[in-house]
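J.: my questions are about this predicted structure, shown below with the sequence.
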Amino acid sequence: MNLHRRHLLARALAASVLPALPAWADGTKPVRILVGFPPGGGSDAIARLLADKLKDVLGVPVVVDNRPGAGGQIAAQVLKAAPADGTTLFLTHDHTLSILPLVVKNPGFDPVSDFVPVAGFATFVNAFAVSGGTPARSFNEYVQWLQAARGGQGAVGVPAPASTPEFLVKLLGRKYRLDLVAAPYRGSAPMIGDMLGNQIAAGVGSVQDFIEHHRAGKLRVVGVLGTQRQAALPDVPTFDELGLKGFEDLPYYGIYAPAGTPGAFIAQFSAALAQVLAQPAVHEQLTTLGLTVGHMAPGQLAARQKAYTAAWARIIRNSGFTAQ
């Protein structure tokens with residue numbers, strides 16, 4: 001066999017064993033990032049920031065595709081049906097992949113078998129905020145106002161039904177002997193719109209959902225979850241300080257692809273995201289939104305998802321909630 005034929009054979013063998021590169025690697029297709037919430041919310045803002053920077057690193061357009069509804073369930077179903085060619089991703093947080101499968105009998109996807117982790121990029125905390133129409137300047141003042149003005153009864157907005165915020169509302173009502181009702185919305189943006197219009201007196205969502213309105217004085221964040229105060233909100237106490245235990249596991253943000261997506265894509269996109277997160281301006285913008293930024297490789301994201309799901313399975317089970 002001459003040298004030329006041996007070279008051709010070697011190339012053919014390599015092509016047969018190496019995973020195919022994603023379609024965007026040759027510049028033929030853009031990358032689509034699904035977001036399960038409407039434009040204007042925290043997840044949407046994060047996705048658009050990352051998409052803008054990723055397009056420069058990858059060298060192809062990166063577009064955000066909002067598929068709001070059911071706490072990210074609709075977007076997850078779209079991801080499951082998407083081709084595993086590296087062109088469709090899903091940017092989501094803990095609710096869709098760790099909470100929904102625990103509270104919905106048939107969500108239409110299995111987070112372990114239908115998806116593959118690509119990379120994690122941040123943790124965050126949920127927060128309790130009150131509207132500008134209430135006189136409360138702290139959580140204890142909110143409790144006192146609710147007891148005095150409304151007989152201890154009140155509605156608290158949450159971005160999705162059967163979500164972490166809804167379970168927090170239940171536990172707060174139990175601890176403070178209040179008749180609190182969680183009012184579910186289709187994402188944080190419409191919930192915050194009603195809070196800004198004083199249609200609802202309080203809401204629970206992520207810090208990144210509330211922080212700009214808090215800084216502008218239009219809403220007031222009066223408590224955050226976790227065991228440490230947030231750098232973006234140093235004067236706001238944690239619920240751990242206020243005596244509410246059991247919320248030490250921090251929610252996470254991650255990016256996922258359909259099961260079967262080539263490993264070459266997973267590694268390449270994860271590396272691209274790490275490069276974006278290392279940019280000081282990106283790190284600063286995400287931190288300003290209330291995120292704790294840190295790249296997680298696929299295995300690390302999978303481990304965090306598993307641990308968080310297990311922690312919330314205990315909380316949900318102990319609450320007596322039955323999957324609907």
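T.: Good, I have the coordinates. Residues are numbered from 1 along each chain as shown.

J.: which SS class is the closest residue to T123 other than its chain neighbours?
T.: Leaving aside its sequence neighbours, T123 sits nearest to L250 (Cβ to Cβ, 6 or more residues apart in numbering; 4.3 Å). C-beta coordinates here come from the backbone N, C-alpha and C atoms, glycine included. Classification of L250 by DSSP: H, G, I helix; E, B strand; the rest coil places it in coil.

J.: centroid residue for the protein?
T.: H93 (2.2 Å; Cα atoms, centre = their mean).

J.: and that residue, what is it in contact with?
T.: By Cβ atoms under 8 Å, 6 or more residues apart in numbering, H93 lies in contact with 43, 124, 206, 251-254.

J.: one more time with 7 Å, if that's ok
T.: Contact partners of H93, counting by Cβ atoms under 7 Å, 6 or more residues apart in numbering, are 43, 251-253.

J.: can you say which two of those are spatially most distant?
T.: S43 and Y252 (12.4 Å; Cβ to Cβ).

J.: settle it for me: which of the two has more neighbours?
T.: Taking neighbours as other Cβ atoms under 10 Å, S43 and Y252 compare with S43 leading, 30 against 24.

J.: return the set of buried residues in the top helix by length along the chain.
T.: Counting residues, the longest helix found in the chain (DSSP state H) is helix 298-319. For helix 298-319, a neighbour-count test (16 or more other Cβ atoms under 10 Å) marks 298, 300-302, 304-305, 308-309, 312, 315-316 as buried.

J.: which of those residues scores worst on pLDDT?
T.: Least confident entry in the buried residues of helix 298-319, by pLDDT: I315, with 85.

J.: what are the boundaries of the strands in the stretch 1-150 of the chain?
T.: Applying DSSP state E, counting those that start in this stretch to the stretch 1-150 of the chain gives strands spanning 31-35, 62-66, 88-93, 115-123, 126-131.

J.: a markdown table please, covering the ones you listed and showing mean pLDDT and distance to L79.
T.: Converted to a markdown table, the strands of the stretch 1-150 of the chain look like this (pLDDT from 0 to 100; distance: least, Cβ to Cβ, whole Å):
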| stretch | mean pLDDT | distance to L79 |
| --- | --- | --- |
| strand 31-35 | 97 | 6 |
| strand 62-66 | 97 | 10 |
| strand 88-93 | 97 | 4 |
| strand 115-123 | 97 | 7 |
| strand 126-131 | 96 | 24 |
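
J.: break the protein down into its domains, please.
T.: Domain ranges of the chain: 31-123+250-319, 126-224, per automatic domain parsing.

J.: what sits against A51?
T.: Counting by Cβ under 7 Å, 6+ apart, A51 touches 33, 62-64.

J.: and what of V222?
T.: V222 makes contact with 128-130, 136, 138-139, 142, 236, according to Cβ under 7 Å, 6+ apart.

J.: is it part of a helix or strand, or is it coil?
T.: strand.

J.: name the nearest residue to it, ignoring sequence neighbours.
T.: Once flanking residues are discounted, V222 sits nearest to F139: 4.3 Å by Cβ to Cβ, 6+ apart.

J.: and that neighbour, how far is that from F269?
T.: The gap separating F139 from F269 is 40 Å, by Cβ to Cβ, to the nearest Å.

J.: what about A257, neighbour count?
T.: 25.

J.: circling back to that earlier point, to L244, which of the domains of the chain lies closest?
T.: domain 126-224 (6.1 Å).

J.: on that earlier part again, export the strands of the stretch 1-150 of the chain to CSV and tack on distance to A201?
T.: Shown next, in CSV, are the strands of the stretch 1-150 of the chain (distance: least, Cβ to Cβ, whole Å):
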stretch, distance to A201
strand 31-35, 28
strand 62-66, 28
strand 88-93, 25
strand 115-123, 28
strand 126-131, 5
